[in-house]
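**Student:** how would this look folded up:
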Amino acid sequence: MYKTGLYWIQHDLRIHDNAALLEASLNCEQLICLYCFDPTWFRQSRLNARSMGVVRRQFLNKTLHDLGKELKSRGQRLIVMTADPVSAISVLIKNHDIDAVYRSHHVGVFETRQWHHLKVDFPRTVFHSVWTHTLFRPEQLPFSINDLPATFTDFKEFCETIAIDKPLAMPQWLAPPVKALTGLSHQTETDYGELIKGFGGEKTALDHLEQYFSSDLPANYKTVRNELDGWENSTKMSAWLACGALSPRKLVARLKRYETEKTANESTYWIYYELLWREYFQWYAQRYQHKLFKAEGINKQKISCCFYPERYQKWCNGNTPYPIVNACMKQLNQTGYMSNRGRQIVASCFVNELQLDWRFGAAYFEQQLIDYDVASNWGNWQYIAGVGADPRGGRHFNLDKQTATYDAEGHFIRQWKGEANPYPLDSVDAADWPIMPNKDE
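**Tutor:** Model (predicted):
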């Protein structure tokens, strides 16, 4: 039993099925529950985007606000800070003689480095990293991480029949908080004000989960999942899964119940199939770490591209010659969301038609998406760019065909004002000289 523990909250913003929180509470006499907004998230990176944009920040604030209320109702207190996490946790360890630090395991390379730094700096403190963000635990996999199958198809064949642990119930009470924190300024769940707009939060996630599986929508999922718009055309669970307000095991448990009580068909299987894709990319990120962010990807595949600032800005703003791409990007910028089909279309355009470095597109998605998940986002972009897990060496979607198939009447394009930009894609050449129009134009 530890006298004082710290639970570092990252992408596990929930009470239900949270083994890290439960273990910390059971093994510590008193517990600090800490979430840190890293200031670097809001600075422009070398890939021309921030790690977190306005819409995802609002979603996250609402989720933290709800988590604070849930913790308070169980005798705990949420501490939210804007600070470098390593520095903040280091101060807390020193000031409060913290014996143990808990977290949900994070597959991100930067989060892994932060964890490693803390372990090196505080060898007498015990560090516990608990798997809560995946369907499977490492010991359940029929292969080592270093032997991760090279393709999703092989991974699925190995893993789709693995028995998934039942989700843990919500605890009624938690270890008490440390009464007086010293050395750091902080804000509690009551300080958000206008920043808590949106539909984030564990309660909203669980309500949506129950509402979705109380309907007939799961039985028709596969037939509508490729639609470009519409609340009912996909499960819409991704944002809550990404920030950890919803446990993937909780989702699977509810899916299995639906199959038992209502119907099991190809559509309900396809929901699990898509969760296996998410799962594959979690282990993919764990396996390849920093290679997830390399231009050449996991196999050192050279890419042929350049950086055209004008093309990049037009893609970001939805101002390209391609209406379906424009509509998807404007939807993303306004809502923080884009359908799976839309993401594939705009990523393919970015890599192929615009011939841009895929990493800049992935970074822009990271900034804009409310359901940003490091593994799924960067793994999928590598897949499209041909430097990842796609055995066919990347994907190039025919934009006219995609438009004819998924927006034949043009409703989506008109709704999001995706009309084509009539001006040339480039106004300057590679040497920054103006491109003169043809004489017959």
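
**Student:** so which residues of the stretch 201-350 of the chain form helices?
**Tutor:** Applying DSSP state H, counting those that start in this stretch to the stretch 201-350 of the chain gives helices spanning 202-213, 221-224, 238-243, 248-261, 266-288, 309-317, 323-335, 340-348.

**Student:** deepest-packed of the ones you listed, please.
**Tutor:** Most buried of these, by mean neighbour count (mean count of other Cβ atoms under 10 Å): helix 238-243, with a mean of 25. Where C-beta positions appear, they are placed from N, C-alpha and C, glycine not excepted.

**Student:** longest strand in the protein, by number of residues?
**Tutor:** strand 28-37 (DSSP state E).

**Student:** and that one, how far out from the chain middle?
**Tutor:** Put simply, strand 28-37 sits 23 Å off its chain's centre (Cα atoms, centre = their mean, to the nearest Å).

**Student:** give me the mean pLDDT for the helix or strand following it.
**Tutor:** Heading C-terminal from strand 28-37, the first helix or strand you meet, by DSSP states H and E, is helix 54-73. Mean per-residue pLDDT for helix 54-73: 96.

**Student:** what does stretch 255-273 give?
**Tutor:** 98.

**Student:** about what we covered before: so which of the helices of the stretch 201-350 of the chain comes closest to E409?
**Tutor:** Nearest of the helices of the stretch 201-350 of the chain to E409, taken as Cβ to Cβ: helix 323-335 at 12.6 Å.

**Student:** sorry, back to before: output the longest strand of the chain as PDB, nothing but the C-alphas.
**Tutor:** Provided in PDB are the C-alpha atoms of strand 28-37 (Å, rounded to 0.1, in the frame of the first residue of the first chain):
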ATOM      1  CA  CYS A  28      -2.900   4.400  -2.400                       C
ATOM      2  CA  GLU A  29      -4.100   5.900   0.800                       C
ATOM      3  CA  GLN A  30      -4.500   9.300  -0.900                       C
ATOM      4  CA  LEU A  31      -4.400  10.100  -4.600                       C
ATOM      5  CA  ILE A  32      -3.700  13.100  -6.800                       C
ATOM      6  CA  CYS A  33      -5.700  13.000 -10.100                       C
ATOM      7  CA  LEU A  34      -3.900  15.200 -12.600                       C
ATOM      8  CA  TYR A  35      -4.500  16.300 -16.200                       C
ATOM      9  CA  CYS A  36      -2.000  18.500 -18.000                       C
ATOM     10  CA  PHE A  37      -2.600  20.700 -21.000                       C
END
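
**Student:** returning to that earlier point: pipe the helices of the stretch 201-350 of the chain into CSV and attach distance to E157 per row.
**Tutor:** Shown next, in CSV, are the helices of the stretch 201-350 of the chain (distance: least, Cβ to Cβ, whole Å):
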stretch, distance to E157
helix 202-213, 27
helix 221-224, 20
helix 238-243, 23
helix 248-261, 18
helix 266-288, 10
helix 309-317, 36
helix 323-335, 32
helix 340-348, 22
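
**Student:** closest one to H411 among those?
**Tutor:** Across the helices of the stretch 201-350 of the chain, closest to H411 is helix 323-335 (Cβ to Cβ), at 9.8 Å.

**Student:** now do that closest one against helix 340-348, angle only.
**Tutor:** 110 degrees (axes from the mean of the first three to the mean of the last three Cα atoms, to 10 degrees).
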